[in-house]
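K.L.:
got a predicted model here, sequence first, then my questions.
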Amino acid sequence: MKVLFAAPENAWGGFFGLIRTELPEYHFEATGRFEADTLKGFDVLIPTMCSVSQELLETGDQLRLIQQCGAGLELVDLDAAQRFNIQVANVPTDISGNADSVAELGIYMIIGLSRDVRGMSKSLADQSMGQPQGRALNGRTIGLIGLGGIGRALVKRLKAFGVHLIGIKRYNPEDAMEKLGMDWVGGIEDLKELLSRSDFVVLCLPVTPESRNLIDHNAFSFMKNGAFLINLSRGGLVDRDALENALASRKIAGAGLDVFWEEPPDPNDPIFNYNIMATPHIAGSTDVSMRGIVKVVAENIRRLEKNLKPLYLI
């Protein structure tokens with residue numbers, strides 16, 4: 001059994017070394033970058049951030065499984081995989097510890113933005129004590145767009161801060177509001193209301209054709225003046241130019257980004273001159289989540305060899 005890891009060996013918190021240790025009987029190769037030139041000779045592809053097109057799949061003479069080491073599959077041509085009879089599976093965020101890890105980083109960003117962590121750094125550099133004044137979270141409204149595993153993990157943790165929690169859920173929003181104990185939950189058609197009410201807008205939904213560039217110039221126009229945007233999901237949810245314009249015009253006070261319009265982003269991109277807290281797509285990369293992900297991926301590779309149905313097929 002040959003497994004291709006489309007990433008550098010040290011990517012994703014050392015996942016490559018962990019999975020190789022878990023499955024020493026199998027042959028693993030890493031491409032060294034978030035791309036793959038050929039799938040020839042491999043039984044399993046772990047795509048990470050690699051684009052998996054029909055053309056790439058055509059090189060897979062014995063590929064049987066595309067197994068993501070997380071939830072995101074927006075770069076995989078699922079229709080082509082189905083035509084080639086290649087199974088596709090992921091690791092849902094709420095069964096591996098990933099959602100909890102992402103939620104923790106989300107709270108780090110909410111607190112960092114509200115207390116002006118960039119201003120703190122400047123004050124220390126200027127030897128200016130007692131500044132800047134931050135914003136308290138108690139009584140603020142936090143709007144969560146997406147109430148899947150990550151959204152639910154955030155709701156659980158944010159209640160302790162005394163905030164008002166509102167959200168958007170594609171299906172059965174009223175049921176979600178009752179079960180999660182939130183102040184208000186609407187459907188996607190209610191996005192304008194959530195944006196206009198929220199002091200913090202947090203993106204926790206996948207990228208689909210419908211959600212791509214969901215936060216565009218129009219969406220920013222509905223946001224509260226001085227609100228914050230936090231993206232914990234995928235860079236494709238936010239129009240980069242619209243975000244820069246919202247920051248430059250001070251329509252919003254800042255943004256927290258773990259994901260970007262291109263990855264890795266250009267460190268010299270002028271957008272980083274504004275009030276942005278940026279992390280290198282590591283929200284879900286913790287010791288706990290990595291152990292959970294490795295467990296699922298290893299189980300599915302073993303299942304494949306035994307001709308059993310993999311878990312969490314798409």
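P.N.:
Done, it's in.
K.L.:
CA atoms for contacts and neighbours, from now on please.
P.N.:
Will do.
K.L.:
which stretches in the stretch 1-150 of the chain count as helices?
P.N.:
For the stretch 1-150 of the chain, helices defined by DSSP state H, counting those that start in this stretch occupy the ranges 11-22, 54-57, 78-83, 98-114, 117-125, 149-158.
K.L.:
turn these into JSON lines, columns for mean neighbour count.
P.N.:
Output for the helices of the stretch 1-150 of the chain, formatted as JSON lines (neighbours: other Cα atoms under 10 Å):
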{"stretch": "helix 11-22", "mean neighbour count": "17"}
{"stretch": "helix 54-57", "mean neighbour count": "15"}
{"stretch": "helix 78-83", "mean neighbour count": "15"}
{"stretch": "helix 98-114", "mean neighbour count": "22"}
{"stretch": "helix 117-125", "mean neighbour count": "14"}
{"stretch": "helix 149-158", "mean neighbour count": "20"}
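K.L.:
just send those back as TSV, with distance to G256 too.
P.N.:
Output for the helices of the stretch 1-150 of the chain, formatted as TSV (distance: least, Cα to Cα, whole Å):
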stretch	distance to G256
helix 11-22	20
helix 54-57	34
helix 78-83	30
helix 98-114	6
helix 117-125	11
helix 149-158	15
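K.L.:
and these, which one is worst for confidence?
P.N.:
Ranked by mean pLDDT, the helices of the stretch 1-150 of the chain bottom out at helix 11-22, which scores a mean of 90.
K.L.:
can you list contacts of it?
P.N.:
Under the contact criterion Cα atoms under 8 Å, 6 or more residues apart in numbering, helix 11-22 has outside partners 5, 9-10, 26, 28, 30, 282, 285-287, 290, 294, 297-298.
K.L.:
quick one, domains of the chain?
P.N.:
Per automatic domain parsing, the structural domains of the chain span 2-92+287-305, 98-278.
K.L.:
wait, P8 sits on G32?
P.N.:
Yes: the pair P8 / G32 is scored as a contact, 3.8 Å apart, by Cα atoms under 8 Å.
K.L.:
quick one: the strands in the stretch 201-314 of the chain, in order.
P.N.:
Applying DSSP state E, counting those that start in this stretch to the stretch 201-314 of the chain gives strands spanning 227-231, 252-257, 276-278.
K.L.:
tell me which of these lies nearest to V155.
P.N.:
Counting by Cα to Cα, V155 lies closest to strand 227-231 out of the strands of the stretch 201-314 of the chain; the figure is 14.8 Å.
K.L.:
what pairs with that closest one, parallel or antiparallel?
P.N.:
strand 200-203 (parallel), strand 252-257 (parallel) (DSSP bridges).
K.L.:
quick one: mean pLDDT for the shortest one?
P.N.:
Within the predicted structure, the mean pLDDT of strand 200-203 is 98.
K.L.:
can I get that strand as PDB, trimmed to CA atoms?
P.N.:
Extracted in PDB, the C-alpha atoms of strand 200-203 (Å, rounded to 0.1, in the frame of the first residue of the first chain):
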ATOM      1  CA  PHE A 200     -17.700  40.300  15.900                       C
ATOM      2  CA  VAL A 201     -18.600  38.300  12.800                       C
ATOM      3  CA  VAL A 202     -17.000  34.800  12.800                       C
ATOM      4  CA  LEU A 203     -16.900  32.600   9.700                       C
END
